[in-house]
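Undergrad: no sequence for this one, just the structure:
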């Protein structure tokens, strides 16, 4: 499981190396609401594609190893894990001059858009952290059959922000 201290350690490690990342997924939602609301098996991080070589070197130096069998795999995302089982789900973003970004959605040229206002600040363990906005989180939670964690996460966003979600 990914605990608060480990999230903050990874973020500090990457920030110190000069890597710009934003938290998504369950930890991103917890950052938006300002507290951990459930257990997390991984940490989703969006990063600048041009910083990927530095990001990988930094994580490898900290003991993380790429997991080549993780699907859907590159170019959409890739996974790195450390010997303790901490798993990072890494999403490369290509930024536009206006601050918006795109991420590959598949190998056929599809993309996920990230409007410029998708990149915000939340709080984990009393520390301000970069994360994805509530609107972007809701956008990513559509078009599939939700699991219990998905329903839990969307309920937290509804409670905290009074926004509509798909489930």
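TA: Alright, I've got the coordinates. All values derive from a computational prediction rather than experimental measurement.
Undergrad: for the longest strand belonging to the chain, the distance to its chain's centre please.
TA: The longest strand of the chain (DSSP state E) is strand 87-95. When C-alpha coordinates are averaged (C-alpha atoms, centre = their mean, to the nearest Å), strand 87-95 and its chain have centres 7 Å apart.
Undergrad: Quickly run through the sheet partners of it, with directions.
TA: strand 42-48 (parallel), strand 78-81 (antiparallel), strand 101-104 (antiparallel) (DSSP bridges).
Undergrad: Ok, which of these comes nearest residue 56?
TA: strand 78-81 (7.6 Å; C-beta to C-beta). C-betas here are computed from N, CA, C, even on glycine.
Undergrad: For the closest one, which outside residues touch it?
TA: 42, 56, 59-60, 64-67, 70, 87-90 (C-beta atoms under 8 Å, 6 or more residues apart in numbering).
Undergrad: quick one, helices of the chain?
TA: Using DSSP state H, the helices of the chain run over 4-17, 25-33, 52-61, 134-140, 148-161.
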